[in-house]
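Colleague: Need the 3D shape of this:
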Amino acid sequence: MPDRSPETHVIDFRAAEHLLEARDPRGAIRLLDSVISAHPENTAARLLRARAFFLAAQLRPAELEFQIVLEREPDNAFAHFALGRTLERANRPVEALRHFRLAAALEPRPQFIEAARFASGTDDGDGGPGAGHRRS
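Modeller: Numbering: from 1, shown residues only. Reported below is the predicted structural model:
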C-alpha cells in the first residue's frame, strides 16, 4: 500500500461515513482500519468503526470499540446507547440496560429514555433494535 497521508485518512474517514449511510458496513470497516492504524487515538474513527461493526453484526468487535470510546469519553451518551444496543443484540439485557440508563442520564433524548425503561417502569432491558443510531 502506498504511503498514506493525513489528507488520505480524512478522505477515507469521509468515504467510510458514506459507505455506512449506503449500508455497506464492511466497506466502511476496511477504510477505517487504515485510519485507526495510523491514528489509534482518533475517537471519531473508532466510534464510526464501532457502528460499522454493529451494522455488520460483528458484535464483539463493536462492543470492544464502543468500550474504547467510553474509556476516553465516559460522558458520551451516544456511545453508551450504542453499546447498550450492541449488548442487547448479544442477548445481554442486564448489561445493556445499565448503558441505556447512563445514556438517558447523560442526554435525555426520547430514544435513550425509552431504551432505559424509565418511562414504562419495567426493568426487563428488552428495548428492541431502534433506528437512528446517529449522533446529532
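Colleague: May I have stretch 94-106 as CSV, with CA atoms only?
Modeller: In CSV, the C-alpha atoms belonging to stretch 94-106 read as follows (Å, rounded to 0.1, in the frame of the first residue of the first chain):
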residue,chain,number,x,y,z
VAL,A,94,-29.0,-6.5,32.1
GLU,A,95,-25.7,-5.1,30.9
ALA,A,96,-27.5,-3.3,28.1
LEU,A,97,-29.9,-1.6,30.5
ARG,A,98,-27.1,-0.2,32.5
HIS,A,99,-25.7,1.6,29.4
PHE,A,100,-29.2,2.7,28.3
ARG,A,101,-29.7,4.3,31.7
LEU,A,102,-26.3,6.0,31.6
ALA,A,103,-27.1,7.4,28.1
ALA,A,104,-30.5,8.7,29.3
ALA,A,105,-29.0,10.3,32.4
LEU,A,106,-26.3,12.0,30.3
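Colleague: from the chain's centre, how far out does that stretch sit?
Modeller: Centroid separation for stretch 94-106 versus its chain: 14 Å, with Cα atoms, centre = their mean, to the nearest Å.
Colleague: What are the buried residues along that stretch?
Modeller: If you call a residue buried by 16 or more other Cβ atoms under 10 Å, then stretch 94-106 has these buried ones: 95-104, 106. Any C-beta I mention is one placed from the backbone N, CA and C, and that applies to glycine too.
Colleague: pLDDT (mean, whole number) over it?
Modeller: The average pLDDT for stretch 94-106 rounds to 97.
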